[in-house]
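dropping the sequence and predicted coords here.
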Amino acid sequence: EMCIRDSLLPFFYFFALCLFLLSMPGFPAVSVGASIALRRHLRLFALYFTIFIVLFLVLPRPALRLFPFSLAGTEVSAYGDVLQIGESGARYSSKKPIFRAMIEGDFSKDSLYWRGVVFSSYRKGNWIALPCLRETGQKLHWGRGAGRIRGRVFAENYFSPYVYLLDVPVAVYLPEGSLKAGPGRAVLLGENPKERFSYRFESARGPLKDGDPELYLQLEPELRESLRPLALAVAGNSPDPESAARKIKGYLLENYRYDPEARGAGGDEVLNFLFRSRRGYCEHFATAFVLLLRSIGIPARAVGGFRGGDFNPYGKFYTVRERDAHLWAEVYVPDRGWLRFDPTPTRRVASGKGPIFALASLVELLSFEWSRYFLSYSMEEQLHLFVEALLKWKYIFLFSLFLVFALRFAFKYRKKRRRSGSRRLGHVSR
């Protein structure tokens, strides 16, 4: 499991400082003496801090923003069981976060694919996913091996029934609610998602080997007749599915233009994209790629989710936004499994320099920590956080405890010496 990040420490110190200042009105109090005032001050601080810990663990989290403003848009959408090609495009431009993720392990920062829904059937311009297989409770695990990629996702503004995971999912844990297993290792929420929730996952690198390839050959006869000549002209009669996929991907990248504003001109969106407009976005590129391969008998499928995310250098997490929504493809290669292909041209390169980026990253960090520790945590997770904090900060607590006893002993010793000194003075004066 993920350990508590060091980014929580400043918040701990901040609250401790606030409680310390709240407990010291009128200090030092000359009328009662500095030592007595300091003892009273420390007792008040201990009382306030105890109350703060109890309230933090017990009280529910109100759905309040840390900042009363938002730097992002308000429109949020996500992939569902049905995807109509050509109806998204420019709508995927909102900067509003869908989820934030903390990841560790063997992963590439330049190739983050958050897989969600796996589409199987294409009918009249719509991708349709297969129904889920079974309900699994709060935990879902494939095989006995452990994933080399581990992470925790904090979702917000989340209206998709799918759980988004990296690469090849190995295990998923949802603290509250239930999960459902879908084809292609898709994972669905058992009930309507809350506005904010979190889940842990483990993933592995390498191709996915689950799934019957025969389920991903469906293609309408009229569409097959229209696409097969072009697929044969580009890929030839190569018996190697991977080689054919690379040729078709290269053809799309070289001859078609990325345009998020592309709109259909009537009829089938894929035919319009391939033979008339020759411009589109990820849904056009990935769909054309999959259907061209299916037209020559190669199993292929479309996968919907998100690609990439903005890395926060201060909190060491990724923010995935609506504008990162993406559709890519997987091609079945015998003896290897499902290989990922992304035939869409690169859309943008995230910039991460300058004072504006630094300020935005700090605001993002504060918003994330507020959502993470004050909005998203359940009672179970709050107790887990407290226990983990005790284990991680045990030396800090031990040192603090030692310091308190040392100060108490010093005060008692000083008080004792003052009394003995005053007695000696009284004896001498007499």
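It's in. Residues are numbered from 1 along each chain as shown.

you'd agree Lys209 is up against Trp338?
Yes. If you go by C-beta atoms under 8 Å, Lys209 and Trp338 touch, sitting 7.2 Å apart. Every C-beta, even on glycine, is put in place using the N, C-alpha and C of the backbone.

which one of these two has more residues nearby?
Trp338 (25 against 11; other C-beta atoms under 10 Å).

next structured bit after the host helix or strand of the more buried one?
Element membership for Trp338, per DSSP states H and E: strand 337-341. Using DSSP H and E, the next helix or strand after strand 337-341 towards the C-terminus is helix 355-370.

stretch 120-129 spans what distance, first to last residue?
5 Å (C-alpha to C-alpha, to the nearest Å).

ok, and what's touching that stretch?
With contact meaning C-beta atoms under 8 Å, 6 or more residues apart in numbering, stretch 120-129 is reached by 81-86, 117-119, 130, 182-183, 186, 215-216, 218-220, 223, 268-270, 287, 290-291, 301-302, 304.

list the buried residues of that stretch.
For stretch 120-129, burial by neighbour count (16 or more other C-beta atoms under 10 Å) applies to 120-122, 125, 127, 129.

how about Tyr158, secondary structure?
coil (DSSP: H, G, I helix; E, B strand; the rest coil).

you'd agree it is up against Pro97?
No. Using C-beta under 8 Å, Tyr158 is not in contact with Pro97; the gap is 9.7 Å.

which residues of the stretch 151-300 of the chain score low on pLDDT?
Applying pLDDT under 70 to the stretch 151-300 of the chain flags the ranges 192-195, 264-266.

about what we covered before: filter the contacts of stretch 120-129 down to the buried ones.
81, 83, 85-86, 117-119, 130, 182-183, 186, 216, 219, 223, 268-270, 287, 290-291, 301-302, 304.

circling back: and Tyr158 and Pro97? which has more neighbours close in?
Pro97 (26 against 22).

what separates that one from Val168, distance-wise?
25 Å (C-beta to C-beta, to the nearest Å).

narrow the buried ones among the contacts of stretch 120-129 to those in strands?
If you go by DSSP state E, these have 83, 117-119, 301-302, 304 in strands.

let me know the closest of the buried residues of stretch 120-129 to Thr344.
Trp127 (15.2 Å; C-beta to C-beta).

hey, what's the closest one bridged with?
Leu83, Tyr122 (DSSP bridges).

swap in Phe154?
Going by DSSP bridges, Phe154 forms beta bridges with Arg100, Ser198.

that one contacts Ser367, doesn't it?
No. Phe154 lies out of contact with Ser367 (C-beta under 8 Å); the separation is 10.8 Å.

min pLDDT across the buried residues of stretch 120-129, which one?
When these are compared by pLDDT, Gly125 scores lowest at 88.

all the helices of the protein, residue numbers only.
Ranges of helices within the chain are 9-22, 34-58, 221-235, 241-255, 269-272, 282-295, 355-370, 379-392, 394-429, based on DSSP state H.

packing partners of the fourth one?
Applying 3 or more C-beta pairs under 8 Å, 6 or more residues apart in numbering; DSSP states H and E, one finds that helix 241-255 contacts helix 221-235, helix 282-295, strand 325-333, strand 337-341.

how about a cut-off of 10 Å?
helix 221-235, helix 282-295, strand 300-307, strand 325-333, strand 337-341 (3 or more C-beta pairs under 10 Å, 6 or more residues apart in numbering; DSSP states H and E).

same check on the shortest one?
In this structure, helix 269-272 packs against helix 221-235, strand 279-280, helix 282-295, with contacts taken as 3+ C-beta pairs under 10 Å, 6+ apart.

Gly267 and Arg276 touch, don't they?
Yes. Gly267 is within contact range of Arg276, at 8.8 Å (criterion: C-beta atoms under 10 Å).

identify the residues contacting Ile248.
Ile248 sits next to 230-231, 234-235, 288-290, 292-293, 296, 298, 300, 329, 331, 341, 343 when contact means C-beta atoms under 10 Å, 6 or more residues apart in numbering.

Glu220 - nearest residue in space that isn't next to it in sequence?
Arg123 (6.8 Å; C-beta to C-beta, 6 or more residues apart in numbering).

residue contacts, Gly105?
Contacts of Gly105 (C-beta under 10 Å, 6+ apart): 147-151, 166, 202-205.

in contact with the nearest residue to it once chain neighbours are set aside: list those residues for me.
The shortest distance from Gly105 to any non-neighbouring residue, by C-beta to C-beta, 6+ apart, is to Ile149 (4.1 Å). Neighbouring residues of Ile149 by C-beta under 10 Å, 6+ apart: 103-107, 165-170, 201-205.

again, only this time at 6 Å
By C-beta atoms under 6 Å, 6 or more residues apart in numbering, the contact set of Ile149 is 105, 107, 166, 203.

of the residues you listed - the most surrounded one?
Leu166 (25 neighbours).

report the beta-bridge partners for the nearest residue to that residue once chain neighbours are set aside.
Nearest non-adjacent residue to Leu166, counting by C-beta to C-beta, 6+ apart: Ser203, 4.5 Å away. Taking DSSP bridges as the rule, Ser203 bridges to Ile149, Pro169.

try the one 5 residues further on
With DSSP bridges applied, Leu208 shows beta-bridge pairing to Trp338.

that one: what's it in contact with?
Leu208 sits next to 168, 337-338 when contact means C-beta under 6 Å, 6+ apart.

now do 7 Å
Counting by C-beta atoms under 7 Å, 6 or more residues apart in numbering, Leu208 touches 168, 185, 337-338.

from Thr287, how far off is it?
Relative to Thr287, Leu208 is positioned 20 Å away (C-beta to C-beta).

likewise Pro299?
15 Å.

circling back to that earlier point, wait, which of the helices and strands packed on helix 269-272 is closest to Pro355?
Closest of the helices and strands packed on helix 269-272 to Pro355 is helix 282-295, at 32.5 Å (criterion: C-beta to C-beta).

that closest one packs against which elements?
helix 221-235, helix 241-255, helix 269-272, strand 300-307, strand 325-333 (3 or more C-beta pairs under 7 Å, 6 or more residues apart in numbering; DSSP states H and E).

swap the cut-off to 8 Å and go again
Packing partners of helix 282-295 (3+ C-beta pairs under 8 Å, 6+ apart): strand 113-123, helix 221-235, helix 241-255, helix 269-272, strand 300-307, strand 325-333.

possible to save those as TSV with distance to Ile36?
As requested, the helices and strands packed on helix 282-295 are exported to TSV (distance: least, C-beta to C-beta, whole Å):
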stretch	distance to Ile36
strand 113-123	60
helix 221-235	88
helix 241-255	78
helix 269-272	80
strand 300-307	60
strand 325-333	64
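
closest one to Ser178 among these?
Relative to Ser178, the nearest member of those by C-beta to C-beta is strand 113-123, separated by 17.4 Å.
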